[in-house]
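Enquirer: A structural model of the following input is requested.
(2 chains)
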Amino acid sequence: ELKVEQNPLFLSMQEGKNYTIYCNYSTTSDRLYWYRQDPGKSLESLFVLLSNGAVKQEGRLMASLDTKARLSTLHITAAVHDLSATYFCASYPLRGAQKLVFGQGTRLTINP
Amino acid sequence: GAVVSQHPSRVICKSGTSVKIECRSLDFQATTMFWYRQFPKQSLMLMATSNEGSKATYEQGVEKDKFLINHASLTLSTLTVTSAHPEDSSFYICSARVGVDQPQHFGDGTRLSIL
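Expert: Model prediction:
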């Protein structure tokens, strides 16, 4: 059974700093998704990572996937307050039921 | 493209009422739709998977008689919370996808409050 774990679950940081959110998954998968959720809102798709070594960047966010290590990272560069949100990673198991499995979420607070 | 519309966005009703939530894929045909429930400050919990024209597959612990799912067409799935009680209050989110290897697209969610 696929399990997805994020680290850290809570992150408070200063504007201008860099940080990384980690997403580990327990069984073989070839797809990893990152979502953003603002309070009271639904999920916004950020990145879709479909192969080992995939790296995608959008503004101050960069996501990567290492399928051998079963690890994805979401790196935040020079954080700004607008990036405060909860970030989820999610994956499908390579075999078995095609149900998206979510991590616990990382609540990111960026202080001025 | 790939817009999923969920309605209503917020419902407040009395205990014992049944509430229907609609999920529509506006610009694509969704062979599969998913219904999630999210408690405050928690992750999304999959309730059921709905394939067009067939019965929904419920996750363990989800009462299928309580949460009725109908996926009558390739663009519409509905979730009916029957005889809702305060413990059913939650944020419900639907998603839809075209096919097995395709990404899911999420609706805006429905906040259900049962008094």
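Enquirer: in chain B, which residue is most central in space?
Expert: Closest to where the C-alpha atoms of chain B average out (C-alpha atoms, centre = their mean) is B:Trp35, at 3.6 Å.
Enquirer: what does stretch B:95-105 contact?
Expert: A:33, A:45, A:48, A:98, A:100, B:2-4, B:23, B:25, B:28-34, B:36, B:77, B:106-107 (C-beta atoms under 8 Å, 6 or more residues apart in numbering or on different chains). Yep, even glycine has a C-beta here, placed from its N, CA and C like the rest.
Enquirer: helix or strand for residue 36, which one?
Expert: Defaulting to chain A. When elements are assigned from DSSP states H and E, A:Arg36 belongs to strand A:32-37.
Enquirer: try again with chain B
Expert: Going by DSSP H and E, B:Tyr36 is in strand B:32-38.
Enquirer: what sits up against that strand?
Expert: A:99-100, B:23, B:25, B:44-52, B:67, B:69, B:71, B:77, B:79, B:90-97, B:99-100, B:104, B:109.
Enquirer: for A:Asn18, grab the count of nearby residues.
Expert: Neighbourhood size, A:Asn18 [other C-beta atoms under 10 Å in any protein chain shown]: 11.
Enquirer: again, but for the one 4 residues further on
Expert: Applying other C-beta under 10 Å, we find 15 residues neighbouring A:Tyr22.
Enquirer: and it, how far is that from A:Arg70?
Expert: As judged by C-beta to C-beta, to the nearest Å, A:Tyr22 and A:Arg70 stand 11 Å apart.
Enquirer: likewise A:Thr86?
Expert: With distances taken as C-beta to C-beta, A:Thr86 is found 22 Å from A:Arg70.
Enquirer: more neighbours, those two?
Expert: The residue with more neighbours, out of A:Thr86 and A:Arg70, is A:Thr86; 21 against 18, by other C-beta under 10 Å.
Enquirer: circling back to that earlier point, of the contacts of strand B:32-38, buried ones?
Expert: Among these, those classed as buried by 16 or more other C-beta atoms under 10 Å in any protein chain shown are A:99-100, B:23, B:25, B:44-50, B:52, B:67, B:69, B:71, B:77, B:79, B:90-97, B:104, B:109.
Enquirer: go through those residues and flag which are in strands.
Expert: Counting by DSSP state E, those place B:23, B:25, B:44-50, B:67, B:69, B:71, B:77, B:79, B:90-97 in strands.
Enquirer: name the nearest residue to residue 57, sequence neighbours excluded.
Expert: Just so you know, I chose chain A. A:Ala63 (7.7 Å; C-beta to C-beta, 6 or more residues apart in numbering or on different chains).
Enquirer: switch to chain B, please.
Expert: B:Thr49 (4.7 Å).
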